[in-house]
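Undergrad: Structure, please.
(one chain, ligands or ions: 1)
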Amino acid sequence: MVHDMIGRSDGLDAVIIAVGSELLTASRVDTNSLYITEILNDLGIRLAFKVVVGDDRAELRAHLAHALGRHPIVILSGGLGPTDDDITRDVVADYLGLALDESPVIVAAIEARFASRGWPMPAVNRRQARVPRGAVVLDNPNGTAPGLWLEPGGSMLALLPGPPRELKPMMQEQVAPRLAARAGGVTLSRRAITVAGRGESAVEEIVQPIYSAWLAQSPPIETTILASVGQVELHLSVRTVDAAAAAARLDAAVSALAAVLGDDLVSRTGRSLEEVVGDLLRARGWRIALAESCTGGLATSRLVDVPGSSAYVERAIVAYSNETKIELLGVPADLIAAHGAVSEPVAIAMADGVRQRSGVEIGVAITGVAGPDGGTEQKPVGTVCLAVTGPVTVVRTVRLPGGRAMVRSLAATSALDMVRRALASLPGPA
Ligand code: ATP
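TA: All right, here's what the predicted structure looks like:
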């Protein structure tokens, strides 16, 4: 979930219109707008809104009129192809009252592109050579449809082809420099921090009083909170011409947040929980082994998502059945009989078993009731026992919310966070 806690914009803002009926189906996703947004943000330009429009002239015209009437930058993607349903060029020219002239240079370039493959140019492709009078043509080295750049009434309007491999280099190399020239050297300075052990609203509650002070400053620090299962990211950004001053303010802001978040702060630089666990192990030259029951390898999978994790992940055993816990981890059968497989003594025995048998410094175990069946009054669905053993032994029982998938995912996150806290609590390398 993403929401802007402070949505103010200083300076330029933009609108993206993605054109194409296929983007209104369940089978195609508009990814171009995400790429364009990233580039706009790097230039300190905020996205006011974006919209997906089918191949419908009236709809496109209405959205174009609305966007150009209120925002100085409008970027259109798609609909520049050679067929009748490629309407962008026509609708823009018509709306702006510009004649479309066929460019012999573009016709020759399209012909040459087809000729290089040994094909004649189909007649329909001539449409792609039509240029609204006064527009700048943006070269498309990866396709036949060139892009177009217009500045109607002082606004900036870019038309780019839909295929991402064509749009991306054009956005980066031809549109971004034109926008930057008008943005007056404003750039976006950013920081991201990662938090674990608190939900989104709990994080918001604790940091909200700090944000409010930043609102009064000029330019303000904008904040966005992004929550995923068991983790929260806070993104801070400042738009200004003075990047050095922005960096200093953001550093101070991150320090203020770190002070109130305490141990719940995972990373000051947006590194994920699994990356931070890896950093902590690497700093000590330690290795880790895991015994996973209800998570079936999820925590290990997260750890090995990080490139270079072979330096510290030694092994993992998916010990789902009691027999495996006994056979491969050496958990005493009578311990399971006495306490049940989901219990703190068994979690410790599993972590110790995998740690001792693999000869590593840190052992981790996860055993729980993921549901939907198997819960009891004492151990309802969502009950998970987590253990970390080694130079420090920590064991915890948590009651996790949600269905089976959520319980398993939260259990993996909780275990990784326990490892992080255990390692961070030890004296020595941080
Ligand atoms: P072409 O010359 O290829 O016809 P075009 O500008 O007309 O270019 P479209 O026909 O609208 O582009 O789209 C071509 C393909 O590009 C689509 O099938 C789709 O796969 C991809 N595409 C279009 N728009 C987007 C988008 N917003 N995000 C991601 N992919 C897109």
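Undergrad: Bridged to Val131, which residues?
TA: When bridges are taken as DSSP bridges, the partners of Val131 come out as Asp101.
Undergrad: residues contacting it?
TA: 100-103, 106, 137, 148 (C-beta atoms under 8 Å, 6 or more residues apart in numbering). Bear in mind the C-beta positions are built from the backbone N, C-alpha and C, glycine included.
Undergrad: Next up, the contacts around His71.
TA: With the criterion set at C-beta under 8 Å, 6+ apart, His71 makes contact with 13-15, 48, 155.
Undergrad: Of those, which is the nearest to Val124?
TA: Val15 (29.7 Å; C-beta to C-beta).
Undergrad: so that closest one, which of the three states?
TA: Per DSSP: H, G, I helix; E, B strand; the rest coil, the secondary structure class of Val15 is strand.
Undergrad: What residue in the stretch 101-250 of the chain comes nearest to the ligand?
TA: The stretch 101-250 of the chain approaches the ligand most closely through Gly162 (2.6 Å), counting by C-beta to the nearest ligand atom.
Undergrad: Name the SS class of that residue, please.
TA: On the basis of three-state DSSP, Gly162 is classed as coil.
Undergrad: related to what we said a few turns ago, just flag the most distant two among the contacts of Val131.
TA: When the contacts of Val131 are compared pair by pair using C-beta to C-beta, the two farthest from each other are Glu102 and Leu148, 13.7 Å apart.
Undergrad: the more surrounded of these two?
TA: The residue with more neighbours, out of Glu102 and Leu148 and counting by other C-beta atoms under 10 Å, is Leu148; that gives 22 against 12.
Undergrad: that older thread, only the buried subset of the contacts of His71, as a ChimeraX command please.
TA: Applying 16 or more other C-beta atoms under 10 Å to those leaves a buried subset, and the ChimeraX line that selects it is:
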select :13,14,15,48
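Undergrad: just the contacts of His71 now: which is nearest Pro219?
TA: Proximity of the contacts of His71 to Pro219, judged by C-beta to C-beta, is greatest for Asp13, which lies at 13.8 Å.
Undergrad: still on that earlier bit, how about the backbone phi and psi for the residue of the stretch 101-250 of the chain closest to the ligand?
TA: Dihedral angles phi and psi of Gly162 (degrees, to the nearest 10) take the values phi -70, psi -40.
Undergrad: show me the residues around Val354 that make contact.
TA: 289-291, 315-317, 329, 363-365.
Undergrad: ok, of the residues you listed, which one's closest to the ligand?
TA: Ranked by distance to the ligand (C-beta to the nearest ligand atom), the contacts of Val354 are led by Ala316 at 37.2 Å.
Undergrad: The closest one in helix, strand or coil?
TA: With three-state DSSP as the basis, Ala316 sits in strand.
Undergrad: let's have the chain start at 14 instead
TA: With the count now opening at 14, the last piece we talked about shows up as Ala329.
Undergrad: burial measure for Arg262, as a count.
TA: A total of 20 residues lie near Arg262 under the criterion other C-beta under 10 Å.
Undergrad: neighbouring contacts of the helix or strand hosting it?
TA: Secondary structure from DSSP states H and E places Arg262 in helix 256-274. Around helix 256-274, the neighbours that count as contacts under C-beta under 8 Å, 6+ apart are 200, 202-204, 206, 208, 216, 219-220, 223, 227, 230, 234, 247, 249, 251, 253, 278, 281.
Undergrad: Would you mind checking the residues you listed for buried ones?
TA: Members of the contacts of helix 256-274 that pass the buried threshold by neighbour count (16+ other C-beta under 10 Å) are listed as 200, 202-204, 206, 208, 216, 219-220, 227, 234, 247, 249, 251, 253, 278, 281.
Undergrad: Can you list the low-confidence ranges for the stretch 14-163 of the chain?
TA: Where the stretch 14-163 of the chain drops to pLDDT under 70, the residues are 14-24.
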